[in-house]
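Engineer: build me a structure from this.
(one chain, ligands or ions: 1)
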Amino acid sequence: MSTLVFLEHHDGELQKDSLGVLGKAVQLGGDVAVLVAGSGVEGLAAQAANFGAKKVYVADDPALEQPLSQPRVDVLAELISGQAIDTVLFAATVLTADVAAGLAARLDAGLNWDLVDLAEQAGKLVGKRPALDDTVYVDVGWTSEPRLALFRTGTFEPVESPAEPEVEKVGVKLEDFSTLAKMIEQAHEESEGPSIEDADVIVAGGRGLGAPENFALVEDLATALGGAVAATRAVVDAGWYPYSTQVGQTGKTVAPRLYIAVGISGAIQHKVGMQGSNVIVAINKDPNAPIFEYADLGVVGDLNEIVPKLTELVRQRRAA
Ligand SMILES: Cc1cc2nc3c(=O)[nH]c(=O)nc-3n(C[C@H](O)[C@H](O)[C@H](O)COP(=O)(O)OP(=O)(O)OC[C@H]3O[C@@H](n4cnc5c(N)ncnc54)[C@H](O)[C@@H]3O)c2cc1C
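Structural biologist: Alright, predicted model coming up:
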């Protein structure tokens, strides 16, 4: 097996998730190379050496300064056509999702996305992908090479494994159509109130809210308590609330004094991000919801009735 791992980087550091994917590739064995693409990125080759790659390809060119996908697809396509690379792995980000999809289209290759594991079974590579709202895992494979795979955020932790890789510079030849998109601006999201990592009180909303506009219920309660708003993966994936507020295995880990879970079932992947909270209060209409197994205080009922009353009570107490 000859694997290439695409390493994404930010502010002079290789991204943790892509180093995690590199660790997985090293564990699977075979020839493992990485590609670092960008402008002024030669120094990153040394960082990659700490994580077990046998070869580091560096595509360093001002044309790769902006985080745009098509120039990276050009570099990857050229590299793959010149080398016997049969597997290309990416840790999923906004950029790599685009790069992997573009590469699949360019090479007419199969792309499996949202994987949470990869293993060799009877000589074949088999990926694991959650399905049906993450309630089951399905095995997925490829019928042709190169095999492309995108891994879900937070799937693998980086594993240090110092190596002395060969570093090779790769030429950057871009297709005309790849230079047409320009990045006009990049901005950081501004948020008000305490961040969920710092907040003493967190009110978290889940799919039980039913619609994005119902997050107002959670926001009102958080404001009354002087706390921050968090969310489950189900709602951030649905676009109801920003990713920066996601708590859990693939989100943030929080430990406030009080965590109020509103319309959240309490899946294990959510629990691992908030179980360190001092007091957990759950509001859920299903008495059998898993969250009641570890909540300190459980309220069984309709959040649409309970939350506004609770907010009102908090306001009255605070005003008194
Ligand atoms: C590899 C992996 C990583 C993951 N990482 C994360 C992660 O980081 N964070 C995370 O949160 N999840 C994560 N998940 C997803 C997780 O498994 C669950 O799917 C998710 O947490 C469910 O979100 P939820 O509780 O909002 O939705 P649901 O499970 O759909 O629960 C909604 C709850 O609302 C209740 N409800 C509905 N209507 C009302 C009402 N009117 N009043 C009161 N209650 C109501 C229901 O009874 C139900 O219990 C991950 C999954 C995988 C496989």
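Engineer: and residue 24, that one's in a strand?
Structural biologist: No: counting by DSSP: H, G, I helix; E, B strand; the rest coil, residue 24 is not found in a strand; it is helix.
Engineer: tell me the contacts of the residue nearest to residue 154 when sequence neighbours are not counted?
Structural biologist: Closest residue in space to residue 154, ignoring its immediate chain neighbours: residue 250 at 3.9 Å, by Cβ to Cβ, 6 or more residues apart in numbering. Using the backbone N, CA and C atoms, a C-beta is placed for each residue, glycine as well. Listed by Cβ atoms under 8 Å, 6 or more residues apart in numbering, the contact set of residue 250 reads 152-155, 233, 269.
Engineer: out of these, who's the most crowded?
Structural biologist: residue 233 (22 neighbours; other Cβ atoms under 10 Å).
Engineer: and the helices in the stretch 1-150 of the chain?
Structural biologist: Taking DSSP state H, counting those that start in this stretch as the test, the helices found in the stretch 1-150 of the chain are 16-28, 44-49, 69-82, 94-107.
Engineer: so for the first one, mean pLDDT?
Structural biologist: Helix 16-28 carries an average pLDDT of 94.
Engineer: ok, the third one next?
Structural biologist: Helix 69-82 comes out with an average pLDDT of 96.
Engineer: residue 51: neighbour count?
Structural biologist: By other Cβ under 10 Å, the residues close to residue 51 number 26.
Engineer: coming back round to it: of the helices of the stretch 1-150 of the chain, flag the one that's most buried.
Structural biologist: Of all those, helix 16-28 has the most neighbours on average by mean count of other Cβ atoms under 10 Å, namely a mean of 22.
Engineer: send me it as PDB with only the CA atoms.
Structural biologist: What follows is helix 16-28, C-alpha atoms only, in PDB (Å, rounded to 0.1, in the frame of the first residue of the first chain):
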ATOM      1  CA  LYS A  16      -3.900  18.200  14.700                       C
ATOM      2  CA  ASP A  17      -6.600  16.200  12.900                       C
ATOM      3  CA  SER A  18      -4.500  15.600   9.800                       C
ATOM      4  CA  LEU A  19      -1.600  14.500  12.000                       C
ATOM      5  CA  GLY A  20      -4.100  12.000  13.600                       C
ATOM      6  CA  VAL A  21      -4.900  10.700  10.100                       C
ATOM      7  CA  LEU A  22      -1.200  10.400   9.400                       C
ATOM      8  CA  GLY A  23      -0.900   8.300  12.600                       C
ATOM      9  CA  LYS A  24      -3.600   6.000  11.400                       C
ATOM     10  CA  ALA A  25      -1.800   5.600   8.000                       C
ATOM     11  CA  VAL A  26       1.500   4.800   9.700                       C
ATOM     12  CA  GLN A  27      -0.300   2.200  11.900                       C
ATOM     13  CA  LEU A  28      -1.800   0.500   8.700                       C
END
